[in-house]
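Colleague: Sequence first, predicted coordinates after that:
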Amino acid sequence: MVKIGYSQISLLSFLIAIVLKAVSVFAVDCTAVSVGFFVAVLLGLVLMGIDACRQKHFAPAFVFENKFHLSFWAVLGSVGFFVDFVSDSLRLYGIVKDGDYNFVVGAVTVGFEGAFAIISSICMIMVALSFVKNARYDFRELKLLNVFPLLWAVLKGVALLSQIEHNFSLTETVMYLTVISAIGAFYFFAKEVDNKKGAFASSVFSFEVYGFSATLYFVCQVLDAVSDASLIDEGFVLSCTAFLTGAFVYFLEKSIRHYTKLD
């Protein structure tokens, strides 16, 4: 008999959320569907937290054996950051070209977002090199570089604060969840660089949450775009970046669990 654990149930919860999002886009968009969506997401998050807290000791976060092809996923994460860099560069060009009254604030904010994105992209390449078979390079030696994904996520969160509205759509809500979870995931990613012992339970939890929420956000954006092509905007680009970077931290979490001896 197959044993179903918290992780499998949380995955099922997010799959249910995806189905409900599809229902709201292509069939009926009502309060009951929205409530069911949020309940499914919340249930998934709670179960992930319980699953992470059950284990007292985890294996170190970075075991350079590439068991889960982390070099490949890190490259995809690098591509994700680069996509955001290109998007920010185009936005910066538009701001400079228009020269409106928000010129300075907009240019500086977007400029820093792009700078953090390209440096984060380089950071992920360094991570990928560390997981290549027989590699002698350890990305943890460049400690300052590993902080930039966190700075990128924080700046994205600050930028989104100015766009908060009273009424959130399902996709917008997942977007905020994704950015918040990105801040948590990249904070613990930077923290694990200096951690010589086993990974923190909070790291495992944040990596898994970001992986799931980023995937959910990407799927929500795809479903919206299928129903209305005009919705392919900056949010869609952000979802692509989140999906690719979230895939890396998700498989990093799977690697930690693989090398962890169950209590």
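Modeller: Done, it's in.
Colleague: now the strands: where do they sit in the protein?
Modeller: Applying DSSP state E to the chain gives no strands.
Colleague: For it, name the helix or strand with the lowest mean pLDDT.
Modeller: Least confident element among the helices and strands of the chain, by mean pLDDT, DSSP states H and E: helix 103-130 (a mean of 87).
Colleague: ok, and for that helix, which residues are buried?
Modeller: Across helix 103-130, burial judged by 16 or more other C-beta atoms under 10 Å covers 106, 109-121, 123-130. Quick note: C-beta positions are derived from backbone N, CA and C, even for glycine.
Colleague: do stretch 10-24 as well
Modeller: Residues Ser10, Ser13, Phe14, Ile16, Ala17, Ile18, Leu20, Lys21, Ala22, Val23, Ser24 are the ones in stretch 10-24 that count as buried (16+ other C-beta under 10 Å).
Colleague: So Val219 is in contact with Ile18, correct?
Modeller: Yes. Val219 lies in contact with Ile18 (C-beta atoms under 8 Å); the separation is 5.4 Å.
Colleague: Quick check: the closest residue to Ala74 other than its chain neighbours vs Asp29, distance?
Modeller: Using C-beta to C-beta, 6 or more residues apart in numbering and skipping residues adjacent in sequence, the residue nearest Ala74 is Ala128, 3.7 Å away. For Ala128, the distance to Asp29 equals 41 Å [C-beta to C-beta, to the nearest Å].
Colleague: Leu231 now?
Modeller: Separation of Leu231 from Asp29 (C-beta to C-beta): 14 Å.
Colleague: higher neighbour count, the two?
Modeller: Neighbour totals were compared for Leu231 and Asp29, and Leu231 leads with 15 against 12 (other C-beta atoms under 10 Å).
Colleague: I figured the more buried one hits Cys220, correct?
Modeller: No. Contact criterion C-beta under 8 Å: Leu231 and Cys220 do not qualify, at 10.3 Å.
Colleague: OK, contacts around the closest residue to Leu231 other than its chain neighbours?
Modeller: In space, and not counting its chain neighbours, Leu231 is closest to Asp224: 4.6 Å by C-beta to C-beta, 6+ apart. Shown in contact with Asp224 (C-beta atoms under 8 Å, 6 or more residues apart in numbering): Val25, Thr171, Leu231.
Colleague: Pull the number of nearby residues for the second one.
Modeller: Looking back up the chat, that one is Thr171. Around Thr171 sit 21 other residues, with neighbours defined as other C-beta under 10 Å.
Colleague: For it, which residues are in contact?
Modeller: By C-beta under 8 Å, 6+ apart, the contact set of Thr171 is Lys21, Tyr217, Cys220, Gln221, Asp224, Gly235.
Colleague: Flag the shaky bits of the stretch 101-250 of the chain, pLDDT-wise.
Modeller: Within the stretch 101-250 of the chain, the stretches with pLDDT under 70 are 101-106, 165-167.
Colleague: I am finished for the moment; much appreciated.
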